[in-house]
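Student: What follows is a predicted structure for the sequence shown.
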Amino acid sequence: MRAETFFRAAEEKRGADGTATGWANTENSSNSSRDLLETPLHVATGTQHVGFRVNEEEFLLAVSCVREIIMVPTITFVPRATDAIEGILALRGEIMPVLNPRRMWGMPRGGVTPQSRVIIMHHELGGFGLVVDEITDFLSLEDDEIEDVPSNFFSQEFSVVDGVAKRGDRVRGVLGFERLVRLLPFTEEVVINDSEEG
């Protein structure tokens, strides 16, 4: 199923904050919500992954890492942020950093299109987003379809890729959740300061 079909109904539904959710990873969705989103996730063995495109390259991310997928909202620039950080966004009152693979991988800047999405993930220290050019598909992969790669296999900018998935003639990099987290401005000092202020 193409992403255009998958998101068709969701693009017409916006929350109170003006964002539109394309997909939410929850087992508590009502039947009407599931029908609305036309979710392509079927019961299957293996690990579920979401496929996405950045520039001309395709990658995968485990669905277990994903909280939801939204249309691209306003992203605010952050001075002195690292190359991987596009900025910050506000989602239902939560402020979170947004990673931009184009920036971290030295690709052309590109622009936001109707197919662009932000994949929202959650870490114990807070939520964060990954802006991508397009959601391509959802699929289930068996363990033998994903090969680990040595830590020094890719150049430093591609260090977030910790596996390669092969299905037929199609080969895609699999991003590692913990490797993405290492790029975020989450520190123990921030957590301690927040707890002290509370």
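Tutor: Yes, it's here. Small disclaimer: the values here were computed from a predicted structure and weren't measured.
Student: Give me the below-cutoff pLDDT ranges for the protein.
Tutor: Along the chain, segments meeting pLDDT under 70 span 1-23, 25-44, 150-157, 186-198.
Student: Tell me where it has helices.
Tutor: With DSSP state H as the criterion, the chain has helices at 3-7, 31-37, 101-104, 177-181, 188-197.
Student: With just CA atoms, put the third one into CSV.
Tutor: These are the backbone C-alpha positions of helix 101-104, laid out as CSV (Å, rounded to 0.1, in the frame of the first residue of the first chain):
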residue,chain,number,x,y,z
PRO,A,101,18.9,12.9,8.2
ARG,A,102,19.7,15.2,5.3
ARG,A,103,21.7,17.4,7.6
MET,A,104,23.5,14.5,9.4
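Student: What segments of the chain are strands?
Tutor: Under the criterion DSSP state E, the chain contains strands at 21-24, 47-54, 57-62, 66-71, 85-91, 94-99, 117-123, 126-132, 134-141, 146-148, 161-167, 170-175.
Student: and F177, what is it in contact with?
Tutor: F177 sits next to L61, A62, C65, M121 when contact means C-beta atoms under 8 Å, 6 or more residues apart in numbering. C-betas here are computed from N, CA, C, even on glycine.
Student: who's in contact with the first one?
Tutor: Counting by C-beta under 8 Å, 6+ apart, L61 touches H49, V50, F52, I119, L130, V174, L175, F177.
Student: could you dump the residues you listed to TSV with distance to M96?
Tutor: Formatted as TSV, the contacts of L61 follow (distance: C-beta to C-beta, whole Å):
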residue	distance to M96
H49	22
V50	18
F52	18
I119	12
L130	11
V174	23
L175	17
F177	15
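Student: Let me know the closest of those residues to R109.
Tutor: Of all these, L130 has the smallest distance to R109: 16.1 Å, by C-beta to C-beta.
Student: Excluding covalently adjacent residues, which one is nearest to P101?
Tutor: Spatial nearest neighbour of P101, chain neighbours left out: V54 (4.5 Å); criterion: C-beta to C-beta, 6 or more residues apart in numbering.
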